[in-house]
Structure formats: structure tokens, C-alpha cells
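[1] structure for the following, please:
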Amino acid sequence: MKKTLLALVLSTAMIGSASAETIGVSMALFDDNFLTVLRNGMQDYAKTKPGVSLQVEDAQNDVGKQLNQIQNFIAQKVDAIIVNPVDTDATPAMTKLAVAAHVPLVYVNRMPADKQLPANVSFVGSDERQSGTLEMQEVCKLLGGKGKIVVMMGELSNQAARQRTQDVLDVIARPECKGIEILEKQTGNWKRTEGTDLMTNWISAGIKPDAVVSNNDEMAIGAIQSLKAAGVPMDKIVVSGVDATQDALAAMKAGELDVTVFQNAAAQGSGAVDTALKLAKGEKVDQMVWIPFELVTPANMGQYLRKN
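    Alright, predicted model coming up:
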């Protein structure tokens, strides 16, 4: 009887050990609405996976801190690492650390700058060639192919900010949008407060755009706050963003935001956890796992109210 009980205990312990997996997660910044949805998506999904635990750290927008977090994860012998990069140009150093330690690595949401991802390293996110394109195409349509715009850019160290801005330039170069002129183009670092400051400065300088095209919703909402404070009628100007956050959809419902682009944060989060688990088990995965962007306007916003 004792031998049977002992065998059962040992068997249970072995099964538990084989299925228990710890994933270290380094987020660029906790204090960001979209990244909070992404982080929640990872944590909610991990709870549905028996034996899987996440150790989530805030890099506080500090590249050095993020590198230290990755080194700590490696020292703790986690089964895999997920990184939402602070600076996409800094990812080759992170990749080098993980590869040298033979720890699977998954970048999420922000595309790494590595020219080619090595084995055991993947990216889960959305193709930024779609986001700014969908956004600017709709703005062009609303402006009838002509007008003056200002462009708010995210952090220039991020590939997403650079690509979304390039998307805007590519769309206005098309024959049907060639009547659109960019009055100003500056960074608001993804932040609502900086979007407000930027728009206030432009208004003070006498700049009167027909549209504000923002790399994300947070800066677009900041611009809306500034425009309203200045007494600009919101039905006389087009404002657009990217992400389809809850705050952005509330602004759209209020008639203040005209265009946004749904970026599926929860799907990126669950996809990153799934990819990390497969890599940890030695399974084959795609190195680029794409989650499609979707255009959101007042006509279809009802489908997205509870998604981000």
C-alpha cells in the first residue's frame, strides 16, 4: 500500500514538473492604455493554461532596465521570455542574450529591428503597413482628396511610429489624395498630454488644419481636448488615430473622433503566450505571427466597443 502511495506521489510530482512553465514578460510601460489591454490579454490567457505562470515586469520606458529584466529572467531559468520592446532598435542585443542562453524569445506588438530573427525567436503583432494606410485612406476619403493636415507621430525609436507615418506619406502620394498637404509633422511620443501640448502649440502658431492624423488614439484624444478648449467645432475637423481603445471609441461615439484602426491587443497577448509555450516545448512556430488591423468608423464602431 505504502509503495503504491509513494508511486502515486512521485508520478503526480513528475507530471506537475513537466507541465509547469514560467514565462518572463517585460513590458515597455505599464502606464499606457493600449499596452495595459495587451498585458491583461496575456495574463487572462495564461490563467486558462494549467501550470503556466507569468512573471510580468514594467521596464518604465527604460531600455537599460529592460535589458536587466531579460538578464534576470535568464538567471532565473524561465522557460521562455516575452518582450514588448521599449526601443525596437535595441532588440538585437536582447536577441543575442536570449539566444546565448538558449531561452525562447517572443517579441510582441512592436517589431524588432533584427534583420533576421534566429531560431527560437518569434514576433507576434500586426503589420504596420496596414495601420497607417487604413487610417489615411479613410481620412483622404473624408476630405475628398484635398485639404491640409497635421501629423502626430509616436516615439521615433519605435518601428510602428516610423511605419505609420510612412503609410500616411505613401497614401497622400496617390493620385486620388494628391490634393492633401502636410502643414506640420511632430512627435507626441504616444502620449495624450503631449498630443494636447502639440495641438495647443500649433493652434497658437495660427495653424488651421482640416484634419489631425495621429499615430495612435492617445495623442488623437489629446488633440481633441486642445481643439475643444480652443473652441474649434469638432464637426469641422477630421481627427484620426490607431488602436480603437475604449477611450477612443467613447470619443467616436461623442462625435469627436472620426477614424481609428482596431489593433487586437488581446489577440496579440494570447498569441504571444501561445507562441512562447510552443517554443518552450520545442514545437515549430512561424517566426512572424500576424494579427490583422481593422478600420473602425462611426458606421461599424458597435462591433468593437468591448474588444480593447
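
[2] just the pLDDT for the most centrally placed residue in the chain.
    In the chain, the centroid-proximal residue (Cα atoms, centre = their mean) is Asn109; its distance is 4.3 Å. At Asn109, the pLDDT value in this model is 94.

[3] which ones are touching it?
    Contacts for Asn109 (Cβ atoms under 8 Å, 6 or more residues apart in numbering) come out as 35, 38, 84, 124-126, 160, 265, 268. (C-beta placed from N, C-alpha, C; glycine too.)

[4] low-confidence regions, the stretch 1-150 of the chain specifically.
    1-19 (pLDDT under 70).

[5] where do the strands sit along it?
    Assignment of strands within the stretch 1-150 of the chain using DSSP state E, counting those that start in this stretch yields the ranges 21-27, 52-58, 80-83, 105-108, 121-125, 146-153.

[6] so where's the stretch 151-300 of the chain uncertain?
    For the stretch 151-300 of the chain (pLDDT under 70), the answer is none.

[7] so which residues of it form helices?
    Listed in chain order, the helices of the stretch 151-300 of the chain (DSSP state H, counting those that start in this stretch) span 159-172, 192-204, 217-229, 246-253, 265-280.

[8] same list (those helices) but as TSV, adding distance to Gly147 and mean neighbour count.
    Output for these, formatted as TSV (distance: least, Cβ to Cβ, whole Å; neighbours: other Cβ atoms under 10 Å):
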stretch	distance to Gly147	mean neighbour count
helix 159-172	10	20
helix 192-204	15	19
helix 217-229	16	24
helix 246-253	20	20
helix 265-280	31	22
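
[9] for those, which one sits closest to Met288?
    Of all these, helix 265-280 sits nearest to Met288, with 10.4 Å by Cβ to Cβ.

[10] please name every helix or strand in contact with the closest one.
    strand 21-27, helix 33-47, strand 52-58, strand 80-83, strand 105-108, strand 121-125 (3 or more Cβ pairs under 8 Å, 6 or more residues apart in numbering; DSSP states H and E).

[11] export the ones you listed to CSV and tack on distance to Gly255 and mean neighbour count?
    Output for the helices and strands packed on helix 265-280, formatted as CSV (distance: least, Cβ to Cβ, whole Å; neighbours: other Cβ under 10 Å):
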stretch, distance to Gly255, mean neighbour count
strand 21-27, 33, 23
helix 33-47, 21, 19
strand 52-58, 35, 17
strand 80-83, 38, 27
strand 105-108, 34, 28
strand 121-125, 31, 24
